[in-house]
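Enquirer: Show me the folded form of this:
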Amino acid sequence: MGVGEWLQEGCVFDGELSTAPVRPRDGRRASTPAERCRLPLWVRQYRGRAMFSDAACAVLAGVVAVAVRFGEVMTPYVTPYLALSAVLPPLWTAAITVNRAYEPRMLGAGTEEFRRVVQCGLMLTAGLAIGAYVTKTDIARGYVVLALPLMTLLTLAARQALRRGLHRRRERGDCMRRVVVAGHPAGVAELVRRFRLEPEHGMQVVAACLPAAGGPREVAGVPVLGDFTDVALVVDQTAADTVAVLGCPEMDGVALSRLAWRLERTRTELVVAPALMEVAGPRTTIRPAAGLPLLHVEHPDLSGPRQLVKNLFDRMAAVVLLVALAPLLAVLAVAVRSSSQGPALFRQTRVGRG
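Expert: Modelled structure (predicted):
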């Protein structure tokens, strides 16, 4: 079967997601949402090593830039650059964090990780230049030209070295993502074969869900644990962290959205074949997997700095609008109270987080 046939393989989906429990077939205890929200140990360790190496690269770049540009370091003129070099490591790791280059899905596969590191280097260089211009600070151009590009190049080299080590571990079967595949048996078998041929992508298929019950009990050595209505439950049962949905014309955008909502609470990744474009949009990014162009569906990320910025914006916008509309609201409140009984403000319990 060719890649095109794999992407176009037809499937049937009834549009509803069952809440009935899935009977375990492999003896694995079903994971709880809290357990699966926590990143695997190898991901946390790999990300920690990446952060440490990024900071070390910034330290080395700062030291080299000062030594090459100024030679002697124990002079009053060089002291500010020593201080700037000391600030580089936390500034560099903070920039990479803001640009989301430490996200688990970026690590170990594809070019997106490297592209974001380069973006951070360019943004930091531009920010330093603009800051120096605005504050009229005289910064030696030789230091900037040496430190920031060198820091970026060293970080890229360190990330590549980390990735090679990760690939060697994956060839031994370690540090793999557990994947549940939903699709036609032929498509599932093709995907399993490709992932096994290229283990460096870190995808291990642990279970499959077929269009309807009553089919084979396993495909290419992978157990079939349910049909399309059981995908989210099979993910819980197998402690999987990724769901791959193959090209199924009958699985429309509404059905995929429902599945994404159910997976979102445990931060389970969802990747789909390009044929399923109805779910595409600003939350969708391209990520190659074993030579196949799979679309990665982003979960909304409102944590850390993003959540703080959104909260500040929401509150400031609310204050401005309330002040601007206060006279009109006062007139409406008086009109309501004078023409009817009950409060002028309407209260209702609404669905919130979770």
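Enquirer: Name the residues of the host helix or strand of residue 259 that are buried.
Expert: Using DSSP states H and E, residue 259 falls within helix 253-264. Under the neighbour-count criterion of 16 or more other CB atoms under 10 Å, helix 253-264 has 255, 256, 259, 260, 262, 263 buried. The C-beta positions use only the backbone N, C-alpha and C, and glycine is treated the same way.
Enquirer: average pLDDT for that helix?
Expert: The average pLDDT within helix 253-264 is 78.
Enquirer: Quick check: buried residues in stretch 66-82?
Expert: Residues of stretch 66-82 classed as buried by neighbour count (16+ other CB under 10 Å): 66, 69, 70, 78, 81.
Enquirer: which residues in the stretch 101-250 of the chain form strands?
Expert: Along the stretch 101-250 of the chain, counting by DSSP state E, counting those that start in this stretch, strands occupy 177-182, 203-210, 218-219, 222-227, 242-245.
Enquirer: and the ones you listed as TSV, adding distance to residue 121?
Expert: Conversion of the strands of the stretch 101-250 of the chain to TSV gives the following (distance: least, CB to CB, whole Å):
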stretch	distance to residue 121
strand 177-182	28
strand 203-210	30
strand 218-219	45
strand 222-227	42
strand 242-245	30
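Enquirer: Can you lay out these as a markdown table showing mean pLDDT?
Expert: Formatted as a markdown table, the strands of the stretch 101-250 of the chain follow (pLDDT from 0 to 100):
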| stretch | mean pLDDT |
| --- | --- |
| strand 177-182 | 90 |
| strand 203-210 | 90 |
| strand 218-219 | 88 |
| strand 222-227 | 89 |
| strand 242-245 | 88 |
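Enquirer: For the ones you listed, give me TSV that also has mean neighbour count and distance to residue 155.
Expert: Output for the strands of the stretch 101-250 of the chain, formatted as TSV (neighbours: other CB atoms under 10 Å; distance: least, CB to CB, whole Å):
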stretch	mean neighbour count	distance to residue 155
strand 177-182	25	24
strand 203-210	24	26
strand 218-219	18	41
strand 222-227	20	38
strand 242-245	26	27
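Enquirer: looking at these, which is closest to residue 345?
Expert: strand 242-245 (43.7 Å; CB to CB).
Enquirer: Can you tell me which of the buried residues of helix 253-264 is nearest residue 321?
Expert: Using CB to CB, residue 260 comes nearest to residue 321 of the buried residues of helix 253-264, at 31.8 Å.
Enquirer: Look up how far residue 253 lies from the closest one.
Expert: As judged by CB to CB, to the nearest Å, residue 260 and residue 253 stand 10 Å apart.
Enquirer: Where does pLDDT dip in the stretch 251-354 of the chain?
Expert: When residues are selected by pLDDT under 70, those of the stretch 251-354 of the chain lie in 251-252, 274-293, 298-306, 353-354.
Enquirer: who does the strand or helix carrying residue 323 touch, helix- and strand-wise?
Expert: For residue 323, the enclosing helix or strand under DSSP H and E is helix 305-339. Helix 305-339 sits against no helix or strand, with contacts defined as 3 or more CB pairs under 8 Å, 6 or more residues apart in numbering; DSSP states H and E.
Enquirer: How about residue 40, nearest residue that isn't a chain neighbour?
Expert: residue 241 (7.1 Å; CB to CB, 6 or more residues apart in numbering).
Enquirer: tally of neighbours for the one you found?
Expert: 24 (other CB atoms under 10 Å).
Enquirer: Same question for the one 5 residues further on.
Expert: Around residue 246 sit 27 other residues, with neighbours defined as other CB under 10 Å.
Enquirer: So it is in contact with residue 180, correct?
Expert: No. Residue 246 lies out of contact with residue 180 (CB atoms under 8 Å); the separation is 11.6 Å.
Enquirer: May I see the buried residues of the helix holding residue 323?
Expert: Result for helix 305-339 [16+ other CB under 10 Å]: no buried residues.
Enquirer: Tell me the gap between it and the middle of its chain.
Expert: Averaging C-alpha positions (CA atoms, centre = their mean, to the nearest Å) puts helix 305-339 34 Å from its chain's average.
Enquirer: got it, and stretch 89-96?
Expert: Distance, stretch centre to chain centre, for stretch 89-96: 19 Å (CA atoms, centre = their mean).
Enquirer: Now do the SS call for residue 39.
Expert: coil (DSSP: H, G, I helix; E, B strand; the rest coil).
Enquirer: pretty sure it contacts residue 104?
Expert: Yes. Residue 39 lies in contact with residue 104 (CB under 8 Å); the separation is 6.2 Å.
Enquirer: Neighbour count: these two, which is higher?
Expert: residue 104 (17 against 14).
Enquirer: any idea how far that one is from residue 180?
Expert: In terms of CB to CB, residue 104 sits 17 Å off from residue 180.
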